[in-house]
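Undergrad: Have a look at this fold, sequence not included:
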Ligand code: HEM
Ligand SMILES: [Cu+2]
Ligand SMILES: [Cu+2]
């Protein structure tokens, strides 16, 4: 059956097959985005609740009582177990549900077929499965918030034995089981999705779309999907073994434990084994979040600087190098677990290696702006902000990677500052850049720019306002995951600064209302978009504004050049879409 | 109250919608459409980056100014001083990199704003530049690695022979310190021996016997209950399970007993156990061994730049030499109440935030005096069992009276 016939056949779709069990990649992208936004709202709200406790420990807040009830916030004072639970679920949602599934799910689905010139994903059905796996896992995670003994509370990394033993904390009861079940669905969804992305990029590129002409977004997404495919199965095993230890009396992670007045019979396991398995995923995971973010910003920066991305090949090379290296650095999360010092030294070395391709990327972004002709669209503002956070947070990584220095900084607020800036802020800013930039492609309308700028500045400034001071907490020895610092007189000097952080968090949190309003308002009332509003070169802007099944009405476009011919000398316009044939004697790409 | 919030939100929403309308209409009046951009506004946005850059550096400097003195005081250990040197060296490099990259970023952003009828330079790459900024960071990082790892290797090297051996034992939510005693060897321990006054599960001939007889009693007890339990019920199952568990534990204790006969365990009788506060002598290497009773904890002693996880089922180690006594540190910091602290730095449950122990660093004499005042494990044990006996006899007396 030819694709056109296929398209015609599906012309009259029911509501259910169009909006719910859709196989169309554009619709699935929107589903991922909206689900991610809902989850992010929950995650963000949780962080505001625990920030209240951190700024004004032990004080009564009616909002806490309103959201958490008498059990977890009696008289409006947060319960310490609930404090840990909020932090755990906040981390889980932000890392996995927003920045893994939400970010990759949205932009891989939207952009892969559109930017490589394919009618849809290799398997629309698997793509749908991937979304629904994510949806089910989100629902289970949300349900886990309401169980009697409270949601999982052992931190987003859920280290056993704490997470394995209900005697250790209430959150390690049913809530933890649901957490693990949710993650099992999540991982399944990631694997199905990732496989599909890889197959699509490799097989369905349109005529002329050589790998060396792929936009950097697609390169980044491709490598991300490969990382996910290789590392998520390891988390899957880790989670499964943890389920066994919890429910069937096995002892993969347990040994020599005396708890709640009883010596456990399970022995012979090692809690450190879990950490190795977790971080074997966990470190690639942070790049699973970061790489797509870098891909999106590359595209936005080049388009709006009206200038080719500087060093396309170096950028691709760095993505590949980062992808490879990210598999051999996981031990830097475990320097003080008692692991062999020699192995620690090896991990220090590999971790510092990864800083080289990261630095190359940062330099290339900066040089792309140099002698550009920059249009500061909201997406561009977010992208430049992202370059700044990527640098600020990446630099502190170099300190943490130094095993000798990590002895004193591990698990302090310094780590919290590092990863929130380099991963949290960078990826969130990039995701916003992506939404502002591709909104016209998703909904055929423009978002309001003025609100966009207001949203950007509030988000960006409060982001730094929240996380930058945390470096200082960490350098003073303040540990993360403390319900309050008031048991330590030596931390009293930071009382004011903690309040400042919370104030920034509240401003930043409420600033997102501007975005939500802009998003939903523009979806229905925004001005109609033109076909190529940003004067961009990539293929998605050659499709009609109205979405059609199969993306291009007639034949698939043919590609003749790379994606970065901006301001090419001798051309009338400052952009040359990829579909424009090369003139005689004209050179393609980086020449 | 709730009504007010809803009302305010609705009003806010309406205001926003009106605002957006106004933006749209004024945009149209000025003849703007989405494909064009406003030169002045775009230029303003470019300049905002400069402003932000100044604000960002300003924030950094303010924080350093205000809070720079509230960070950890000078390292109070030999290796800690080395760590601080490495850290400072790193800071110099990183702050230079931070400032340079950000100055360029903000400068370029503010300078190269869009101008009509102008084209950007078509610069695709520069092999020379790229080689420079790959090799230069590589060289700098190599220096960082070499400097850092040489410190790391020294720190993690074997502890000197004459170190004092101390165990730090963690449990939800407290620390216990154990000194090795006369022989400077920490006695063996096992979690099956935990109970009663033996909070660390130390293995001595007495604790073996004690544990054995108490388990045997329990077994007899359960067997009696089992005989009386209704057959086939849930109660029977539970008792049976419990019985199996105790028997298995008993079997384990017996293996320890036999092993002790063949090859006696390191003597734990002379070990000294202290809670709440522990002392170490200045300028003496201390070799810590860490164990945990239940979940992972982390022994964090930031003033000494020391940290090691306490992992159930494993023994971990860290050693350092304190160089500044508590008294001296109080003078240095100008804080009469200053204390070195050990606290937990791995999430371990509800009271993770309050799991601390005071460390006192003092002169060799003071340390020895303090230590000699602490009682050994056996003397604690006998005292405790005497205490228990006394309670029992008192109860008997009471019972007789009645
Ligand atoms: C220059 C590159 C980087 C280096 C050298 C580096 C190094 C490190 C090290 C050594 C740690 C462990 C700190 C500790 O727990 O004591 C760490 C933590 C972390 N890093 Fe990075 N990092 C880099 C970039 C990134 C990037 C790009 C991301 C994410 C996109 C990231 C995300 C994280 C996260 C999430 C953690 C903390 C996880 C946790 O303990 O909860 N890092 N980093
Ligand atoms: Cu990592
Ligand atoms: Cu703890």
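TA: Structure received. Since we're looking at a predicted model, the values are computed, not measured. Residues are numbered from 1 along each chain as shown, chains lettered A, B, ... in the order given. Ligands and ions are numbered 1, 2, ... in the order given.

Undergrad: For the rest of this, base every contact and every neighbour count on C-alpha atoms.
TA: Will do.

Undergrad: The most centrally placed residue in chain A - nearest residue in space that isn't next to it in sequence?
TA: Most central in chain A under Cα atoms, centre = their mean is residue A:99, positioned 2.0 Å from the mean C-alpha point. The shortest distance from residue A:99 to any non-neighbouring residue, by Cα to Cα, 6 or more residues apart in numbering or on different chains, is to residue A:289 (5.7 Å).

Undergrad: Pretty sure the one you found sits against residue A:426.
TA: No - Residue A:289 is beyond contact range of residue A:426, at 9.4 Å (criterion: Cα atoms under 8 Å).

Undergrad: More neighbours: the two, which one.
TA: A count of neighbours by other Cα atoms under 10 Å in any protein chain shown puts residue A:426 above the other of residue A:289 and residue A:426, at 31 against 26.

Undergrad: Enumerate every residue touching residue B:155.
TA: Residues in contact with residue B:155, defined by Cα atoms under 8 Å, 6 or more residues apart in numbering or on different chains, are A:404, B:79, B:319, B:320.

Undergrad: does it belong to a helix or a strand, and which?
TA: Per DSSP states H and E, residue B:155 falls inside helix B:127-156.

Undergrad: so does that helix get close to ligand 1?
TA: No - applying Cα under 6 Å from any ligand atom, one finds helix B:127-156 separated from ligand 1 by no less than 10.4 Å.

Undergrad: and that helix, average pLDDT?
TA: In this model, helix B:127-156 has an average pLDDT of 94.

Undergrad: And for stretch A:397-411?
TA: For stretch A:397-411, mean pLDDT rounds to 96.

Undergrad: moving C-terminal of the worst-scoring helix or strand of chain A on mean pLDDT, what's the next helix or strand?
TA: Ranked by mean pLDDT, DSSP states H and E, the weakest helix or strand in chain A is helix A:3-9, scoring a mean of 45. The helix or strand immediately downstream of helix A:3-9 is helix A:15, counting by DSSP H and E.

Undergrad: State the next helix or strand along the chain beyond that next one.
TA: helix A:25-55.

Undergrad: Count the residues that sit near residue A:141.
TA: 26.

Undergrad: Please identify the buried residues of stretch A:559-573?
TA: A:559, A:560, A:561, A:562, A:563, A:564, A:565, A:566, A:567, A:568 (16 or more other Cα atoms under 10 Å in any protein chain shown).

Undergrad: residues contacting the third one?
TA: The contact partners of residue A:561, taken as Cα under 8 Å, 6+ apart, are A:208, A:213, A:578, A:579, A:580, A:581, A:582, A:588, A:589.

Undergrad: for those, which one is nearest residue B:365?
TA: residue A:213 (75.3 Å; Cα to Cα).

Undergrad: Grab the nearest non-local neighbour of the closest one.
TA: Nearest to residue A:213 is residue A:562, by Cα to Cα, 6+ apart, at 4.4 Å.

Undergrad: Please see if the helix or strand hosting residue B:62 touches chain A.
TA: Under the criterion of DSSP H and E, residue B:62 resides in helix B:39-67. Yes - if you take Cα under 8 Å from any Cα of the partner chain as the test, helix B:39-67 does meet chain A, through B:42, B:45, B:46, B:63, B:67.

Undergrad: by contact count, what packs against that helix?
TA: helix B:78-111 (3 or more Cα pairs under 8 Å, 6 or more residues apart in numbering or on different chains; DSSP states H and E).

Undergrad: What residues of the helix it packs on count as buried?
TA: Within helix B:78-111, judged by 16+ other Cα under 10 Å, the buried ones are B:78-84, B:86-87, B:90-91, B:94, B:97-98, B:101-111.

Undergrad: how about the residues of chain B near ligand 3?
TA: Residues of chain B lying near ligand 3 by Cα under 5 Å from the ion: B:297, B:344, B:346, B:347, B:348, B:352.

Undergrad: From residue A:351, how far off is the residue of the stretch 1-150 of chain B found nearest ligand 1?
TA: Proximity of the stretch 1-150 of chain B to ligand 1 (Cα to the nearest ligand atom) peaks at residue B:141, 10.4 Å away. Distance of residue B:141 to residue A:351, given as Cα to Cα, to the nearest Å: 10 Å.

Undergrad: Give me the pLDDT for the residue of the stretch 201-350 of chain B at minimum distance from ligand 1.
TA: Nearest residue of the stretch 201-350 of chain B to ligand 1 (Cα to the nearest ligand atom) works out as residue B:346 at 10.5 Å. pLDDT, residue B:346: 96.
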